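1. please find the sequence and the predicted model below.
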Amino acid sequence: MSETEELDSLLTWRKSGYSVANGACAEVAAIPGTVVVRDSVSSSDVRLRFASGTWRQFIARIKGASVRLQVRQDSGMGASG
């Protein structure tokens, strides 16, 4: 059994509710201490592994950037303002 097959036997993959209709998005799965990310279209290809804390920081920054962008758009400044 390959490392990928062995890892797959431990993981439950999830997609965002915001994923596009053609399925072109990232999927994530978690095991204790690690988050694994893969391309939903090429699910047997490369996977990225992140420490759980690193993943949480990444998501927090994305959410923070999204909130800042929304505030700028709501104030009429646009994304470049």
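-> Right, received. Where do you want to start? Numbering: from 1, shown residues only.
2. can you list the buried residues in the lowest-mean-pLDDT helix or strand in the chain?
-> Least confident element among the helices and strands of the chain, by mean pLDDT, DSSP states H and E: helix 3-8 (a mean of 73). Neighbour-count burial for helix 3-8, with 16 or more other Cβ atoms under 10 Å as criterion, is recorded at 7-8. To be clear about C-beta, it is placed using only N, CA and C from the backbone, and glycine gets the same treatment.
3. do stretch 30-38 as well
-> 35-38.
4. ok, stretch 38-52 next?
-> 38-40, 47, 50.
5. what's the first-to-last distance across it?
-> 16 Å (Cα to Cα, to the nearest Å).
6. for the record, mean pLDDT for that stretch?
-> For stretch 38-52, mean pLDDT is 84.
7. which parts of the protein are strands?
-> 14-15, 26-31, 34-39, 47-51 (DSSP state E).
8. how far off centre is the last one?
-> When distances are taken as Cα atoms, centre = their mean, to the nearest Å, strand 47-51 is centred 10 Å away from the chain's centroid.
9. ditto for the first one
-> Taking Cα atoms, centre = their mean, one finds strand 14-15 lying 9 Å from the centre of the chain it belongs to.
10. touching stretch 9-22 from outside, list them.
-> For stretch 9-22, contacts defined as Cβ atoms under 8 Å, 6 or more residues apart in numbering pick out 23, 25-31, 36, 38, 40, 43.
11. tabulate those (TSV), appending distance to Arg61.
-> Formatted as TSV, the contacts of stretch 9-22 follow (distance: Cβ to Cβ, whole Å):
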residue	distance to Arg61
Gly23	26
Cys25	19
Ala26	16
Glu27	20
Val28	16
Ala29	21
Ala30	19
Ile31	23
Val36	19
Arg38	21
Ser40	22
Ser43	26
